[in-house]
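Just a sequence and a predicted model for now, questions to come.
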Amino acid sequence: MSSPNDQRSGAEVPETTTPPAPNTRREFIRSAGLFTATVAGLGGGLELLTRRPGAGSPGVGGAEAQGADAFTLPNRPLGPYDTNEKVTPWAQSTTYNNFYEFGTDKGDPARLAASLKPRPWTVKIDGEVRKPQTVDIDTLQSWFPLEDRIYRMRCVEGWSMVMPWLGFPLGALIRRLEPTGKAKYVQFTALYDPKQFPGQRGRVLDWPYVEGLRLDEALHPLAFMAVGLHGRVLPGQNGAPLRLVVPWKYGFKGIKSIVRITLTAEQPKTTWALAAPDEYGFYANVNPAVPHPRWSQATERRIGELGRRKTLPFNGYAEQVAGLYRGMDLRKFY
């Protein structure tokens, strides 16, 4: 959720970390309780069960022998939503995180993530839908074939990554819920549990973390619900077991560890917009022409690179999403 309080464009990133044993697709699905459901009839189920991320296999010249990123990505052609940019390695994408529920330091999430228990887990779905329900995370995942998406991620602080997510389109979930005619927005609420999230014992933010999208944004094909990263089960520090990914918006919109999805007629009051309304608006679209009140947004530092690069309008997704905001003042709706 790239929380925006602390801009550290010069912070050091650990060079190495010890990743969990890499999961094949079969292991991912089994660990999430989806093995039987996938075989039984999810679209693309056989492909999910047989494709392996990268070269080799766990236990035979696995990650320990080949390096932490030996199983980073599936062997597949780029999809219609993928960027072809170099993917940020696991060692960096899982150790340089903003997740204030764990703490405000970039290393806190990886250091403290073991306190989060992503199973059992339920998601409450309510509001302006014809099918309100509370659903187990494994059942929710089983409703959709899992897809790989390689997306840019731009933090409002001025750094960026390229993330290989695994999950399903948010729009597919929204349509399954059958929104009523009154639904105009989607509100997401993260888990509030100070026992699992030590950062919630303080008042750095008003917990629980809340984010939201306009309904047409949520239905856009790029909007994504992630349950995995680098072909593996989503780590706690990256938002396990369910997080939102909206690649054309600043990263703090990507709420983690979601426990509730509510369709509403009114625009949600989101956490950072309440905490600092002059700095973090509801829309938070990446716009290099609009500086943050305390720093420029014209350039960014890609994690793992020394220099800075130009930031692209809508984080490089303008062709796909600019039409959603036709006629709006994007400066006003920072």
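Great, that's in hand.

which residues of this protein fall in strands?
Assignment of strands within the chain using DSSP state E yields the ranges 122-127, 133-136, 147-154, 159-169, 185-190, 210-214, 224-229, 232-233, 243-245, 258-264, 299-302, 309-310.

so where's the protein uncertain?
Residue ranges of the chain with pLDDT under 70: 1-75, 333-334.

Not including adjacent chain positions, what is the nearest residue to the residue nearest the centre of it?
Nearest to the mean C-alpha position of the chain, counting by CA atoms, centre = their mean, stands residue 245 at 3.7 Å. Nearest residue to residue 245 in three dimensions, chain neighbours excluded: residue 224, at 4.3 Å (CB to CB, 6 or more residues apart in numbering). C-betas here are computed from N, CA, C, even on glycine.

so what's the one you found up against?
Contacts here follow CB atoms under 8 Å, 6 or more residues apart in numbering; on that basis residue 224 touches 149, 151, 165, 167, 168, 169, 170, 244, 245, 246, 247.

could you check the distance from it over to residue 151?
Separation of residue 224 from residue 151 (CB to CB, to the nearest Å): 7 Å.

Mutual contacts of these two, please.
Residues touching both residue 224 and residue 151 by CB under 8 Å, 6+ apart: 165, 245, 247.

Who's the closest spatial neighbour of the last one, skipping the chain neighbours?
Excluding its sequence neighbours, the residue lying closest to residue 247 (CB to CB, 6+ apart) is residue 151, at 4.0 Å.

do residue 325 as well
Leaving out its chain neighbours, the residue that sits closest to residue 325 by CB to CB, 6+ apart is residue 285, at 6.9 Å.

That neighbour contacts residue 314, correct?
Yes. Assessed by CB atoms under 8 Å, residue 285 is found in contact with residue 314 at 6.0 Å.

so what sits against both of those two?
248, 321.

Is residue 208 in contact with residue 189, as I believe?
Yes. Proximity of residue 208 to residue 189 meets the contact threshold set by CB under 8 Å, at 5.5 Å.

Of these two, which one has the most company?
Taking neighbours as other CB atoms under 10 Å, residue 208 and residue 189 compare with residue 189 leading, 21 against 18.

List the contacts of that one.
208, 209, 210, 255, 258, 259, 260, 261, 262.

could you redo the last one with a cut-off of 6 Å?
Going by CB atoms under 6 Å, 6 or more residues apart in numbering, residue 189 touches 208, 210, 260.

Tell me the one of those residues nearest residue 87?
Of all the contacts of residue 189, the one sitting nearest residue 87 is residue 210; the distance, using CB to CB, is 30.0 Å.

and the closest one, how many neighbours?
The tally of other residues near residue 210 (other CB under 10 Å) stands at 21.

surely residue 108 meets residue 102?
Yes. At 4.6 Å, residue 108 counts as touching residue 102 under the criterion of CB atoms under 6 Å.

out of these two, which sits in the more crowded spot?
Higher neighbour count among residue 108 and residue 102: residue 102, with 25 against 19, using other CB under 10 Å.

got the contacts of residue 224 as JSON lines, with distance to residue 305 columns?
Output for the contacts of residue 224, formatted as JSON lines (distance: CB to CB, whole Å):
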{"residue": "149", "distance to residue 305": "22"}
{"residue": "151", "distance to residue 305": "18"}
{"residue": "165", "distance to residue 305": "21"}
{"residue": "167", "distance to residue 305": "26"}
{"residue": "168", "distance to residue 305": "31"}
{"residue": "169", "distance to residue 305": "30"}
{"residue": "170", "distance to residue 305": "30"}
{"residue": "244", "distance to residue 305": "26"}
{"residue": "245", "distance to residue 305": "22"}
{"residue": "246", "distance to residue 305": "23"}
{"residue": "247", "distance to residue 305": "19"}
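
buried subset of the residues you listed?
Buried members of the contacts of residue 224, scored by 16 or more other CB atoms under 10 Å, are 149, 151, 165, 167, 168, 169, 170, 244, 245, 246, 247.

Surely the fifth one touches residue 144?
Yes. Using CB under 6 Å, residue 168 is in contact with residue 144, at 3.7 Å.

How many residues are close by residue 134?
Neighbourhood size, residue 134 [other CB under 10 Å]: 11.

Just give the closest residue to it, not the sequence neighbours.
Closest residue to residue 134 apart from its sequence neighbours, by CB to CB, 6+ apart: residue 124 at 4.8 Å.

That neighbour touches residue 133, doesn't it?
No. Using CB under 6 Å, residue 124 makes no contact with residue 133, being 8.0 Å away.

and residue 114, how many residues sit next to it?
10.

how close does the closest residue to it other than its chain neighbours sit to residue 323?
Excluding its sequence neighbours, the residue lying closest to residue 114 (CB to CB, 6+ apart) is residue 236, at 7.1 Å. Look at residue 236 and residue 323: by CB to CB, they are 36 Å apart.

What of residue 117?
Counting by CB to CB - residue 117 and residue 323 are separated by 41 Å.

These two - which one has more neighbours?
Neighbour comparison, residue 117 and residue 323: the larger count goes to residue 117, with 14 against 10 (by other CB under 10 Å).

ok, how many other residues are close to the closest residue to residue 321 other than its chain neighbours?
In this structure, residue 321 finds its nearest non-sequential neighbour in residue 248, 4.8 Å apart by CB to CB, 6+ apart. Using other CB under 10 Å, residue 248 is surrounded by 27 other residues.

Much appreciated, bye for now.
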